[in-house]
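Trainee: I would like the atomic coordinates for the input below:
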Amino acid sequence: MSVRAPSSERERQDDAPYEFADARKESFRALAASMSFVGACLMLFGGLAAVFVAGELFAGFLSYAIGAAAVAALCLLGAWWTVSAGRSLSALVATRGRDVVLLMEAVAQLRRIFGLARIVIVAIAVAAVTGGSFIVWCTLVSERGGKCFGLHW
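Mentor: Predicted structure coming up:
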C-alpha cells in the first residue's frame, strides 16, 4: 500500500505541522469545554425525551411518541457531533504538531451540526407557515358559515 504524495502546494501546506500559540490554545480550550458541556446537556435532553417516548407508548399516545422520538434522535445526534468537535479541540490543546488536522476534524463536526440545524429550522418554518395558513383559511371560511376541511370551528 503506497502513500500518495501531496500533488499541489496547497496540500503540502495542509499536511505541514503547525502549532497555535499558547494564548490561542487557551481560546480553543475554553471553546472545547463549552462544547463538551452543551453536548452533555443535549445528551441529557435526548435521554429525557427517550423516557417520554416510553411513557407515551405505555399510555397509548403513539403520535406523541413519534414526535418525542424525533426530538430524542435530533438531540442525541447533535450531542454526538458537539462532543466529537469538543474532543477534537481538546486534543488540539493537548498535542503538538497536529493542530491543523485536529482543527479540521472539529470543523467537520461543526459543519454537520449546523447543517442539521439548517434543516430543522427550514422544516419548522415550513410547518409554521403551513399551520398558520391553515388557521387563517379556516377562520375566513368559518366566518362565512362554511366548514373548514369538514371541521367546525
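Trainee: give the contact list for Val83.
Mentor: Contact partners of Val83, counting by Cβ atoms under 8 Å, 6 or more residues apart in numbering, are 35-36, 39-40, 43. C-beta: built from backbone N, CA, C; applies to glycine.
Trainee: Phe28: neighbour count?
Mentor: 20 (other Cβ atoms under 10 Å).
Trainee: in what helix or strand does it lie?
Mentor: helix 22-59 (DSSP states H and E).
Trainee: helices and strands around that helix, which ones?
Mentor: Secondary-structure packing of helix 22-59 (3 or more Cβ pairs under 8 Å, 6 or more residues apart in numbering; DSSP states H and E): helix 62-94.
Trainee: and after the helix it packs on, which helix or strand comes next?
Mentor: Heading C-terminal from helix 62-94 (DSSP H and E), you reach helix 99-143.
Trainee: what angle do that following helix and helix 22-59 make?
Mentor: 40 degrees (axes from the mean of the first three to the mean of the last three Cα atoms, to 10 degrees).
Trainee: if you rank the contacts of Val83 by neighbours, which is first?
Mentor: Met35 leads the contacts of Val83 on contacts (other Cβ under 10 Å) with 24 neighbours.
Trainee: list the contacts of the closest residue to it other than its chain neighbours.
Mentor: Distances taken as Cβ to Cβ, 6 or more residues apart in numbering place Gly86 nearest to Met35, at 3.5 Å, with adjacent residues excluded. Listed by Cβ under 8 Å, 6+ apart, the contact partners of Gly86 are 31-36, 39, 106.
Trainee: repeat that for Ala73.
Mentor: Ala73 sits in contact with Gly46, where contact means Cβ under 8 Å, 6+ apart.
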